[in-house]
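> My questions concern the predicted model and sequence given below.
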Amino acid sequence: MADTKTAKSEEVEEKANAVESEAQVDTSKIDAEVLQNIPVTVSVEVGRTSLKIRDLMRLAQGSVVELDRLAGESLDLMVNNTPVAQGEIVLVNERYGIKLTSVVPTVERVKNL
């Protein structure tokens, strides 16, 4: 009788493992084209600073907030709030753009996203 219970337990465990294996996604089969079409948010970070709440509440039109970057220093290109490159501001058809001066290696970029 103990052998029957053990056999049934093993059978249930095997079925559970089979279901779990089927549920796992094989990332090697994910279509690269699908991944390449996923939208991401891209932004440029000019600099950062910390403010006390009282200083934040005193901000008004015309207030100046000093940032941690020097004028002319490279800016960070961010993808989903993760730095992926640095560059300098340029004008493109009367709009701001960024000319990349350095880029984080692809493997590291993908890992950090």
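Looks like it arrived, so ask away.

> in this protein, which ranges drop under the pLDDT threshold?
1-13, 15-30, 113 (pLDDT under 70).

> Select the longest strand from it.
Counting residues, the longest strand found in the chain (DSSP state E) is strand 82-92.

> Quick check: what element follows the helix or strand hosting residue 43 along the chain?
Per DSSP states H and E, residue 43 falls inside strand 42-45. For strand 42-45, the succeeding helix or strand toward the C-terminus, using DSSP H and E, is helix 53-58.

> Restricting to C-alpha, output that following helix in CSV.
Provided in CSV are the C-alpha atoms of helix 53-58 (Å, rounded to 0.1, in the frame of the first residue of the first chain):
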residue,chain,number,x,y,z
ILE,A,53,10.6,70.4,0.7
ARG,A,54,10.5,74.0,1.9
ASP,A,55,12.7,75.1,-1.0
LEU,A,56,10.6,73.1,-3.4
MET,A,57,7.5,74.8,-2.1
ARG,A,58,9.1,78.3,-2.6
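
> Run through who's touching that helix.
By CB atoms under 8 Å, 6 or more residues apart in numbering, no residue outside helix 53-58 reaches it. Yep, even glycine has a C-beta here, placed from its N, CA and C like the rest.

> name the helices or strands packed onto the strand holding residue 43?
Strand 42-45 sits against strand 75-79, strand 82-92, with contacts defined as 3 or more CB pairs under 8 Å, 6 or more residues apart in numbering; DSSP states H and E.

> how much distance is there from it to the middle of the chain?
Strand 42-45 has its C-alpha centroid displaced from the chain centroid by 12 Å (CA atoms, centre = their mean, to the nearest Å).

> That strand - which strands sit beside it in the sheet, and in what orientation?
Strand 42-45 has these partner strands in its sheet, going by DSSP bridges: strand 75-79 (antiparallel).

> related to what we said a few turns ago, would you mark the buried spots in the strand holding residue 43?
Using 16 or more other CB atoms under 10 Å as the test for burial, strand 42-45 gives no buried residues.

> same thing with stretch 98-112?
Residues 98, 104 are the ones in stretch 98-112 that count as buried (16+ other CB under 10 Å).
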